[in-house]
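**Q** I'll drop the sequence and a predicted model, then ask my questions.
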Amino acid sequence: MAPRLLEKYRTEIVAEMIKAFNLKNRYAVPRVEKIVVNMGVGEALQDVKILDKAMEEMALITGQKPIMRRAKKAISNFKIKKGSAVGCKVTLRRARMYEFMDRLFNVAMPRIRDFRGVSTDSFDQKGNYTIGFSEQGIFPEIDYDKIPRPQGMDITFVISNAKTTEEARELLRLLGMPFKDNKDT
């Protein structure tokens, strides 16, 4: 069975996007190609167990085993050697991506204290959207009492077929991304 958000995309959002942006057919409609969840763990240089715990928590959050990221070059100011482990990442596609997006929009984001929506300015030139979280405790899969230390993460929504950032923003809004009202800022 297809995820709820994927069904909503196929049945409602495609038709709405075609009408709103005067697109020729359903294949011209922007879509979320993948979601990349990245966690930089700088403290892993002193203690490898911190990175192992971060990878374990990311696997719980995303439902997929993360890959370890290593430094591409040495940076003496940060005491980083080339090849040392500095973080982990997961790339989500298809059904797992839609299920993660659904949990993020409807369960995790409302758990953020004093949450009023995410910024509409975090789009790059290609229409991709990146959001950062300061701690992993907003996800219900993580037991807050067992977190050794708060760990931040970045989540990037890679959007294909978006000609403008307005198309990408509207797609994410229709999928359920809680954007801030511009009147509030």
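**A** Looks like it arrived, so ask away.

**Q** and residue 106, that one's in a strand?
**A** No. Assessed with DSSP: H, G, I helix; E, B strand; the rest coil, residue 106 is helix; it does not lie in a strand.

**Q** So the closest residue to it other than its chain neighbours versus residue 12, what's the distance?
**A** Leaving aside its chain neighbours, residue 106 sits nearest to residue 176 (6.6 Å; criterion: Cβ to Cβ, 6 or more residues apart in numbering). Yep, even glycine has a C-beta here, placed from its N, CA and C like the rest. Distance, residue 176 to residue 12, using Cβ to Cβ, to the nearest Å: 12 Å.

**Q** neighbour count winner among those two?
**A** For the pair residue 176 and residue 12, the greater number of neighbours falls to residue 176 (14 against 11), based on other Cβ atoms under 10 Å.

**Q** roughly how far apart are that one and residue 127?
**A** According to Cβ to Cβ, residue 176 stands 18 Å off from residue 127.

**Q** ok, residue 62 touching residue 97?
**A** No. Under the criterion of Cβ atoms under 8 Å, residue 62 makes no contact with residue 97, lying 9.5 Å away.

**Q** give the contact list for the most far-flung residue of the chain relative to its centre.
**A** What lies farthest from the middle of the chain is residue 76; by Cα atoms, centre = their mean that is 30.3 Å. Applying Cβ atoms under 8 Å, 6 or more residues apart in numbering, we find residue 76 in contact with no residue.

**Q** next one: phi and psi at it?
**A** Dihedral angles phi and psi of residue 76 (degrees, to the nearest 10) take the values phi -70, psi -30.

**Q** In terms of pLDDT, where does it sit?
**A** Here, the pLDDT recorded for residue 76 equals 71.

**Q** any idea how far residue 37 lies from residue 137?
**A** If you go by Cβ to Cβ, the gap between residue 37 and residue 137 works out to 15 Å.

**Q** between these two, which one's more packed in?
**A** Applying other Cβ under 10 Å to residue 37 and residue 137 shows that residue 37 carries more neighbours, namely 21 against 18.

**Q** need the longest helix for the protein.
**A** The single longest helix within the chain, with elements called by DSSP state H, is helix 48-62.
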